[in-house]
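Visitor: Provided below are the primary sequence and the corresponding predicted coordinates.
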Amino acid sequence: MSEQETGSSNQARAVSPAWSRVERARHPQRPYPMDFIERIFTDFSEIHGDRAYGDDEAVACGMARLGDDEVLVIANRKGGTTKERVRRNFGMPHPEGYRKALRCMRIAEKFGRPVISLIDLPGAYPGLGAEERGQAEAIARNLLEMARLKVPTISVITGEGGSGGALALAVTDRVLILENALYFVISPEGCAAIMWNDPSRKDTAAEAMRISAPEVAGLGCVDEIVQEPAEGLQANHEAGSGLLGSALKRHLAELKAMPTDELVAARQEKFRKIARCYTEG
């Protein structure tokens, strides 16, 4: 293949609709979960540490107010500068991050406060230290405990919702996703490397995986797509935060009106259905 043909092929892949969605979700000016906390919630008071190992700086938990409601907010931190990103482990939680989140969720349950999690992470950290400290167990424990929390729970995929790392914060009564966000079991690059031994086929993988907001909504993995401003969330943080804040208040009001037993039963049934296999006609 000539250089000209190679260049044309690469350009075609770069502008594919599926990969364009990935680029929008990863846009450097797109707000991170902590940016939404600053704009939507008030009186945020952070809680640190898992009371077992340490404080994971990739995960932030704290009590806050959403309008007149006192809630617990959980968000992963990515960091805005290179130094901050290294400090926050590029937003990928260690097991102590998940254990901190679970500790805070139990506190929220004790005091009857709803739980809201904001998620933008490619996955849980897969490093040796994280595995030695029980990464898989920490994720599994969160899945179990979140399924039976006796308070209303809402999660939002704001950018990337990657694998079990995202799911460990998203076993909730309502799972929302922003219009240009993604929800996947593995990144397109990782999928391409496994399927074709060629990470450059990431656009093909992104299309085959069905990871965009409309596609995961069609599969029943999320409950609502929250629209973004016409000019894009990266261009108007305030408008985007306003739209998300309104959706959160609406869903929280609906969940608070449900009896506790009914709330928990509906949550568990929803995730049982999501796990069922499907066939295409």
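Guide: It's in. Numbers count the residues shown, from 1 in each chain.

Visitor: next, the buried residues of stretch 41-52.
Guide: Neighbour-count burial for stretch 41-52 flags F41, F44, I47, D50 (criterion: 16 or more other Cβ atoms under 10 Å). C-beta: built from backbone N, CA, C; applies to glycine.

Visitor: could you pick out which of these are located in strands?
Guide: Using DSSP state E to define strands, the subset of the buried residues of stretch 41-52 located there is F44, I47.

Visitor: closest to S117 out of the buried residues of stretch 41-52?
Guide: F41 (12.5 Å; Cβ to Cβ).

Visitor: R85 versus R51, what's the distance?
Guide: Going from R51 to R85 by Cβ to Cβ, to the nearest Å gives 27 Å.

Visitor: surely L219 and S212 touch.
Guide: No - applying Cβ atoms under 8 Å, one finds L219 not in contact with S212, separated by 10.8 Å.

Visitor: neighbour count: those two, which is higher?
Guide: S212 (26 against 13; other Cβ atoms under 10 Å).

Visitor: the more buried one and R21 touch, don't they?
Guide: Yes - between S212 and R21 there is a contact under Cβ under 8 Å: 4.8 Å.

Visitor: who touches both of the two?
Guide: L182 (Cβ atoms under 8 Å, 6 or more residues apart in numbering).

Visitor: apart from its neighbours in sequence, what residue is nearest H27?
Guide: Q234 (4.4 Å; Cβ to Cβ, 6 or more residues apart in numbering).

Visitor: next: E137.
Guide: That would be P95: by Cβ to Cβ, 6+ apart, it lies 7.4 Å from E137.

Visitor: for D203, same thing?
Guide: In this structure, D203 finds its nearest non-sequential neighbour in W19, 3.9 Å apart by Cβ to Cβ, 6+ apart.

Visitor: mind checking what secondary structure that neighbour has?
Guide: Three-state assignment for W19 (DSSP: H, G, I helix; E, B strand; the rest coil): helix.

Visitor: that one: neighbour count?
Guide: When neighbours are counted by other Cβ under 10 Å, W19 registers 18.

Visitor: contacts only, for it.
Guide: R13, P188, K202, D203, A206, E207.

Visitor: buried set for stretch 243-250?
Guide: Applying a neighbour-count criterion of 16+ other Cβ under 10 Å, one finds L243, L244, G245, A247, L248 buried in stretch 243-250.
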